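**Student:** Fold the following, please.
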Amino acid sequence: YEEAKKTGTPIIADGGIKYSGDMTKAIAAGANVCMMGSIFAGCDESPGEFELFQGRKYKVYRGMGSIAAMENGSKDRYFQTDAKKLVPEGVEGRVAYKGLVEDTVFQLIGGIRSGMGYCGAKDIETLKETGKFVKISAASLKESHPHDIHITKEAPNYTVEND
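**Tutor:** Just a heads-up that it's a prediction; the model follows:
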């Protein structure tokens, strides 16, 4: 961050952004922008067909580096011209349906504000300047999430990762 700041070079957080907490950490580490493709992929406004799978609504998702996306034009972006020799850098699958982008953005903003509050940062610049990272153990990470409970009502900003 310090070196990029000297030259005015923006930093892009690309990959691993799944929740508002990931965005907050990326910004604290110096990111100016977060790539959000998979977060918005399940929204109404995103391209892709709807699917029902095991009683839940999903949207088909093609990462820009997937074979299907490359065959439909994104190969130029990756400087790959021969359709027979495409080397994928992304995947195709399904993501949970999320509704409107507006609702997803509302949740993300609330989460970033919450994370800033934990850091005592009143604005983005303060978060970048004063944010600190602390290494915790796997046990601490597990303890910091809901545990010893069966979640019966899903929250829009939290999903349980399968162990």
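**Student:** can we go C-alpha only for contacts and neighbour counts from here?
**Tutor:** Fine.
**Student:** what is the rounded mean pLDDT of the longest strand seen in the chain?
**Tutor:** Assignment by DSSP state E gives strand 56-62 as the longest strand of the chain. Averaging pLDDT along strand 56-62 yields 89.
**Student:** how far is it from where the chain is centred?
**Tutor:** Mean-position distance between strand 56-62 and its chain equals 16 Å (Cα atoms, centre = their mean, to the nearest Å).
**Student:** Check which helices and strands that strand is in contact with.
**Tutor:** In terms of contacts (3 or more Cα pairs under 8 Å, 6 or more residues apart in numbering; DSSP states H and E), strand 56-62 is packed against strand 50-53, strand 92-96.
**Student:** What residues of it count as buried?
**Tutor:** The neighbour-count check on strand 56-62 (16 or more other Cα atoms under 10 Å) flags 58-62 as buried.
**Student:** export the residues you listed to TSV and tack on distance to Gly110?
**Tutor:** Shown next, in TSV, are the buried residues of strand 56-62 (distance: Cα to Cα, whole Å):
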residue	distance to Gly110
Tyr58	24
Lys59	24
Val60	27
Tyr61	25
Arg62	28
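**Student:** out of those residues, who's nearest Ala121?
**Tutor:** The closest of the buried residues of strand 56-62 to Ala121 turns out to be Tyr61 (Cα to Cα; 35.0 Å).
**Student:** surely that closest one meets Ala41?
**Tutor:** Yes. Between Tyr61 and Ala41 there is a contact under Cα atoms under 8 Å: 6.3 Å.
**Student:** Now list whatever residues contact both of those two.
**Tutor:** Common contacts of Tyr61 and Ala41, defined by Cα atoms under 8 Å, 6 or more residues apart in numbering, comprise Val95.
**Student:** could you give me the average pLDDT of the longest helix along the chain?
**Tutor:** Ranked by residue count, the top helix of the chain under DSSP state H comes out as helix 101-119. The pLDDT scores in helix 101-119 average 96.
**Student:** Name the residues that touch that helix?
**Tutor:** So helix 101-119 is contacted by 19-21, 23-24, 40, 43-45, 98, 122-124, 127, 130-132, 156-157 (Cα under 8 Å, 6+ apart).
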